[in-house]
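Chemist: turn this into a structure:
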Amino acid sequence: MDSVFLQSLSAGGDIPVSRVSEVTYIEGCTLNYPRLILLFSDYDADIRNEYGIDFETEIETRMGDVEMPDGEELTETFVVLAKPKQLDDKRVLVECLQKDVYELKKPASGAELFNDSSPDQVISALMPNVDVSLRGVRGRGTYHLNPEDTRSALLKQMAKEFGALIYYNRGTLNMVAYSELAGQSIEKEFEQNNTQAEHGAWSVKLLYSGDLQANKKRINPAMWDQAQGYVYGETDGYDVAFPQLGQDKLEHINKHLAPCVQFMARGTTQIQPADKAKLVLHRLNEDSVLDESVDEEQFIIEVAHHQRGFSYLLQMTSGVVHE
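Modeler: Predicted structure coming up:
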C-alpha cells in the first residue's frame with residue numbers, strides 16, 4: 001500500500017503500512033468521532049500475535065495527503081474498541097476511536113458539580129489536556145456529573161442548551177454555536193456532472209427530508225419559574241420539562257444539523273466537519289439545469305477519508321440547520 005493517505009502506524013512498535021489493504025478515517029460533528037477502521041491483510045495471523053493489536057490497544061497514526069500542494073499531516077492516537085474481527089483466513093478488521101473521545105465515554109468514578117460555570121470552564125475541567133475552541137457561545141450554566149455518567153453525555157447536553165455543535169477534531173475540542181455557522185466563508189465548492197469543476201461530486205444521494213427529521217426531533221421545552229410556574233417555549237412539539245434550564249436557553253433546544261446529501265469527492269484534508277460548502281447539483285437532461293430542490297450552501301456533517309491501494313476518496317454527508 002503506497003503512502004497516498006495513511007503514512008505510518010504504531011502500536012508499541014511500527015506496523016508496516018503495506019499490511020493495511022484499506023483504511024477509513026472518519027471525522028464528524030458529534031462526540032462519536034474521529035473513528036478509524038483498518039482492514040489488514042493477515043495471511044500469517046500475526047496482527048494480534050506479533051503486533052499485539054487487541055481490545056484497548058493504543059494505535060498511533062500519521063495520515064494525510066502530504067504529497068499534495070495544499071496537503072496536511074494528521075497525527076492521532078486511537079484506542080481499539082473490540083477484539084480484531086477475523087473476516088476470513090486472509091483479512092482482519094480493526095475498529096478504533098480517538099483516545100481523548102474514548103476517555104470521555106468512560107463512566108465517571110465520582111461526582112463533579114459545575115455551579116454557574118462557563119462552557120470553557122466545564123470543558124477544561126473535563127478535558128484538561130486538550131485545546132478548546134469556542135465560537136459564538138456565551139453564557140453560563142450549572143451542570144452535575146453523577147457517578148457512572150459519562151463526561152461526553154454532560155458535554156452534549158451543555159452544547160444542546162447553548163444551541164451549539166460540540167465535537168473533537170484534529171487535536172481540538174470545538175463548540176460552535178449554530179448561529180455562527182452561517183457567517184462562515186465557503187471552504188470548497190463541489191459540483192455534480194461537470195468534468196471541468198475543480199472539485200467534482202459524484203454518487204450523489206439525496207437523504208430523507210429535513211422537515212421530517214425536524215418533526216421527529218422537535219420538542220416544546222419548558223422550565224419551572226417560581227413566580228410563573230411552568231414556562232413553555234413556542235415550538236409545535238411534545239412537551240419536555242427542563243426544570244433548571246433557564247428561559248434564555250429554551251429557544252436553543254431544538255437546533256440541529258439535518259443531513260440532506262451524501263456524495264463522493266476526490267481525497268483532500270482541506271475539508272473538515274462544520275465547514276460550509278457550496279454544492280451545485282445538475283439534473284441529467286439536455287439543458288443540464290440546476291437542481292434547486294437542495295440548498296446550495298450546506299454544512300459538512302461527516303467526512304470519511306477512504307484509501308484502497310492508490311485510490312484516496314472522500315465520502316461526505318452535508319446538511320442544513322433546522323430548529
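Chemist: show me the shaky parts of the stretch 201-323 of the chain.
Modeler: For the stretch 201-323 of the chain, the stretches with pLDDT under 70 are 208-254, 283-293, 323.
Chemist: tell me where it has helices.
Modeler: 210-217 (DSSP state H, counting those that start in this stretch).
Chemist: and for residue 297, the neighbour number?
Modeler: Each residue near residue 297 was counted by other CB atoms under 10 Å, and the total is 14. From N, CA and C alone the C-beta is placed, and that goes for glycine too.
Chemist: swap that for residue 157, please
Modeler: Count around residue 157 with other CB under 10 Å applied: 14.
Chemist: surely it is within a helix?
Modeler: Yes: judged by DSSP: H, G, I helix; E, B strand; the rest coil, residue 157 forms part of a helix.
Chemist: report the contact partners of it.
Modeler: residue 143 (CB atoms under 8 Å, 6 or more residues apart in numbering).
Chemist: can you do 7 Å?
Modeler: Contacts for residue 157 were tallied using CB atoms under 7 Å, 6 or more residues apart in numbering; there are none.
Chemist: and it, how far is that from residue 130?
Modeler: In this view, residue 157 and residue 130 are 19 Å apart by CB to CB, to the nearest Å.
Chemist: how about residue 185?
Modeler: 26 Å.
Chemist: more neighbours: which of these two?
Modeler: Neighbours were counted for residue 185 and for residue 130 using other CB under 10 Å; residue 130 has more, 16 against 6.
Chemist: quick one: that one and residue 173 touch, right?
Modeler: Yes: counting by CB atoms under 7 Å, residue 173 is a contact partner of residue 130 at 5.1 Å.
Chemist: so what sits against both of those two?
Modeler: Among the neighbours of residue 130, none is also in contact with residue 173 (CB under 7 Å, 6+ apart).
Chemist: list the contacts of residue 164.
Modeler: Here residue 164 is in contact with 137, 175, 176, 177, 178 (CB under 7 Å, 6+ apart).
Chemist: show me the residues you listed that map onto strands.
Modeler: 175, 176, 177 (DSSP state E).
Chemist: so in terms of bridging, what pairs with residue 141?
Modeler: residue 117 (DSSP bridges).
Chemist: what sits against it?
Modeler: Counted by CB under 7 Å, 6+ apart, residue 141 has contacts 117, 158, 161.
Chemist: tell me how many other residues crowd the last one.
Modeler: Counted with other CB under 10 Å, the neighbours of residue 161 add up to 22.
Chemist: and it, what's its pLDDT?
Modeler: Looking at residue 161, its pLDDT is 87.
Chemist: measure it to residue 150 for me?
Modeler: 17 Å.
Chemist: what does residue 143 give?
Modeler: In terms of CB to CB, residue 143 sits 13 Å off from residue 150.
Chemist: those two: who's more crowded?
Modeler: Legend: neighbour count by other CB under 10 Å for residue 143 and residue 150, higher for residue 143 (19 against 16).
Chemist: next, the more buried one: phi, psi?
Modeler: When read as degrees, to the nearest 10, the backbone of residue 143 gives phi -140, psi 140.
Chemist: help me confirm that residue 259 comes into contact with residue 207.
Modeler: Yes: under the criterion of CB under 7 Å, residue 259 makes contact with residue 207 at 5.0 Å.
Chemist: just the contacts of residue 164 now: which is nearest residue 32?
Modeler: residue 175 (15.6 Å; CB to CB).
Chemist: quick one: contacts of the host helix or strand of residue 47?
Modeler: For residue 47, the host element (DSSP states H and E) is helix 46-49. Identification of contacts with helix 46-49 by CB under 7 Å, 6+ apart yields 40, 53, 54, 84, 92.
Chemist: quick check: buried residues in the next helix or strand after that helix?
Modeler: Next helix or strand after helix 46-49 toward the C-terminus (DSSP H and E): strand 58-64. For strand 58-64, the neighbour count (16 or more other CB atoms under 10 Å) marks 59, 60, 61, 62, 63, 64 as buried.
Chemist: ok now strand 58-64, how far from the chain's centre?
Modeler: Strand 58-64 sits 18 Å away from the centroid of its parent chain (CA atoms, centre = their mean, to the nearest Å).
Chemist: buried ones in the helix or strand following it, by neighbour count?
Modeler: Tracing the chain C-terminally past strand 58-64 and defining elements by DSSP H and E, one meets strand 73-80 next. The neighbour-count check on strand 73-80 (16+ other CB under 10 Å) flags 74, 76, 78, 79, 80 as buried.
Chemist: for strand 73-80, what is the average pLDDT?
Modeler: For strand 73-80, mean pLDDT is 95.
Chemist: just checking, next helix/strand downstream of that strand?
Modeler: Toward the C-terminus, strand 73-80 is succeeded by strand 85-86 as the next helix or strand (DSSP H and E).
Chemist: neighbouring contacts of that next one?
Modeler: Taking CB under 7 Å, 6+ apart as the rule, strand 85-86 contacts 92, 93.
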